[in-house]
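*Asks:* Here is a sequence with its predicted model. Questions after.
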Amino acid sequence: MVHVSYIGGSPPSHEPLPSGTELARVARVDRGRLTVLTADGERRVHPAAALHDPDGVGAPAVGDWVALRGELAVALLPRRSAFTRTVAGRTSAAQVVAANLDTVLVVDALAGPTRARRVERYLAVAWSSGATPVVVLTKADLCDDVPAAVAEVQEEAIGVEVLAVSVRTGEGVEALRALIGPGRTAAMVGPSGVGKSSLANALAGRVVAPTREVREADGRGRHTTTARELHVLPGGGLLIDTPGMRELGLHDDEGVDAAYADVAELATRCRFRDCAHRTEPGCAVAAAIDDGRLDPARLLGWRKLQAEAHRQLLRADARARAAEHARVKALHRAMRDQPNRVR
Ligand SMILES: Nc1nc2c(ncn2[C@@H]2O[C@H](COP(=O)(O)OP(=O)(O)OP(=O)(O)O)[C@@H](O)[C@H]2O)c(=O)[nH]1
Ligand SMILES: [Zn+2]
């Protein structure tokens with residue numbers, strides 16, 4: 001058994017590579033060109049024709065492993081996990097935002113408004129990717145009672161590790177790096193201003209992302225055109241930081257159910273499959289609320305998140321929009337025809 005270590009982390013298991021090719025990890029994609037990390041450093045390459053897939057998920061994305069032959073990426077290795085998003089204005093076309101993630105850092109700040117609901121939203125997104133979420137609460141130096149704040153979030157993030165960090169004091173940074181682990185890949189999601197750039201810099205031990213202050217001072221965008229979006233951390237972990245990851249919203253129900261596993265599990269035990277958990281007989285969710293096993297706020301949160309996921313889907317998918325239109329029209333018709341039965 002030969003162990004080869006790659007600068008870009010551990011590649012997924014794969015078929016033997018054709019002779020004359022080497023493995024590389026995609027660190028950036030811009031205008032179809034790839035910046036890749038190879039065993040001997042960074043290189044810019046072109047994807048072969050076989051890897052052109054303007055309509056789907058077949059094109060290389062940040063975090064992907066590719067087989068190189070010289071200046072050409074000739075094959076895309078199977079992905080361990082992937083974050084996808086639907087392409088605006090297209091029907092059911094998906095785009096890979098980041099591939100082969102082990103960990104998704106759900107970042108929020110220990111300063112400002114209450115976090116629990118917001119964290120849950122991003123947790124839902126994280127679960128849907130196939131990677132393991134970790135909640136990172138930043139700006140611990142601005143919080144009077146860190147343990148209480150962590151406990152509050154922990155309560156909503158069942159089974160998920162919650163970590164407090166501060167780039168001012170350095171608290172938690174080393175622990176987070178260890179948690180990502182050598183050869184493993186993490187990416188950050190979370191709202192603007194919570195300190196993702198600062199965290200990326202602290203984890204990398206060097207400036208890899210301009211923070212808000214820097215951006216405001218020089219008036220330029222976040223990224224220069226050559227900056228890579230996959231960073232090697234001290235200790236051998238990897239961090240993906242792309243605008244696409246930062247902008248991720250909700251896009252499916254699967255993630256919602258993962259964040260509300262308790263509610264979703266109860267819902268499978270309702271007598272009716274299409275139970276709305278309001279006044280239906282045999283509703284397991286209502287029963288759990290009645291005897292105190294389920295916090296009604298959880299049901300409310302679940303409903304809100306589902307409604308939001310549904311709205312996002314509608315926005316992204318023109319076909320669903322047309323179907324929704326037809327459904328509403330049919331509903332109106334039903335109301336007109338049977339005014340007493342439909343409220
Ligand atoms: N006190 C304190 N401030 C922090 C910490 N981390 C970040 N900040 C500040 O929070 C602000 C936002 O930080 P950024 O790192 O730019 O936030 P971001 O999440 O990258 O923001 P976007 O790029 O808009 O997504 C800056 O003013 C930082 O200096 C921290 O640990 N403690
Ligand atoms: Zn029910």
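*Replies:* Now that the structure is in, tell me what you want to look at. Ligands and ions are numbered 1, 2, ... in the order given.

*Asks:* which residue ranges form the strands in the stretch 151-300 of the chain?
*Replies:* 161-164, 185-189, 230-232, 238-240 (DSSP state E, counting those that start in this stretch).

*Asks:* now Ile289, nearest residue through space, not along the chain?
*Replies:* Pro296 (5.3 Å; Cβ to Cβ, 6 or more residues apart in numbering). In this view, the C-beta of every residue, glycine as well, is placed from N, C-alpha and C.

*Asks:* And that neighbour, how close does it get to Gly282?
*Replies:* Noted for Pro296: a distance of 19 Å to Gly282, by Cβ to Cβ, to the nearest Å.

*Asks:* try Leu163
*Replies:* 41 Å.

*Asks:* For the two, indicate the residue with more neighbours.
*Replies:* More crowded of Leu163 and Gly282, by other Cβ atoms under 10 Å: Leu163, with 18 against 11.

*Asks:* Report pLDDT for the nearest residue to Gly159 once chain neighbours are set aside.
*Replies:* Closest residue in space to Gly159, ignoring its immediate chain neighbours: Ala261 at 8.0 Å, by Cβ to Cβ, 6+ apart. Listed pLDDT for Ala261 reads 76.

*Asks:* Test my guess that Ala261 contacts Ile158.
*Replies:* Yes: using Cβ atoms under 8 Å, Ala261 is in contact with Ile158, at 6.8 Å.

*Asks:* any residues in contact with both of these two?
*Replies:* Overlap of the contact sets of Ala261 and Ile158 (by Cβ atoms under 8 Å, 6 or more residues apart in numbering) is empty.

*Asks:* pLDDT averaged over stretch 306-319 - what is it?
*Replies:* On average, the pLDDT along stretch 306-319 is 60.

*Asks:* For the stretch 1-150 of the chain, which residues are neighbours of ligand 1?
*Replies:* Taking Cβ under 6 Å from any ligand atom as the measure of proximity, the stretch 1-150 of the chain contacts ligand 1 at Thr138, Lys139, Asp141, Leu142.

*Asks:* Let me know the closest of the residues you listed to ligand 1.
*Replies:* Nearest to ligand 1, judged by Cβ to the nearest ligand atom, of those is Lys139 at 3.9 Å.

*Asks:* ok, the closest one - contacts?
*Replies:* Contacts of Lys139 (Cβ under 8 Å, 6+ apart): Ala109, Leu110, Ala111, Ser166, Arg168, Val194, Gly195.

*Asks:* what about it, distance to Asn201?
*Replies:* As for Lys139, its distance to Asn201 is 14 Å (criterion: Cβ to Cβ).

*Asks:* Could you identify the longest strand within this structure?
*Replies:* strand 22-30 (DSSP state E).

*Asks:* for that one, packing partners?
*Replies:* Judged by 3 or more Cβ pairs under 8 Å, 6 or more residues apart in numbering; DSSP states H and E, strand 22-30 is in contact with strand 33-38, strand 41-47, strand 65-69, strand 230-232.

*Asks:* any idea how far Val207 is from Val26?
*Replies:* Per Cβ to Cβ, Val26 is found 22 Å from Val207.

*Asks:* cool, and Cys143?
*Replies:* The value you get for Cys143 to Val207, if Cβ to Cβ is used, is 25 Å.

*Asks:* So for these two, which sits in the more crowded spot?
*Replies:* Cys143 (18 against 11).

*Asks:* Tell me the pLDDT of the closest residue to Ala178 other than its chain neighbours.
*Replies:* Using Cβ to Cβ, 6+ apart and skipping residues adjacent in sequence, the residue nearest Ala178 is Gly235, 7.3 Å away. On pLDDT, Gly235 comes in at 91.

*Asks:* So Gly235 is in contact with Gly183, correct?
*Replies:* No: the pair Gly235 and Gly183 fails to qualify as a contact (Cβ under 8 Å) at a distance of 9.8 Å.
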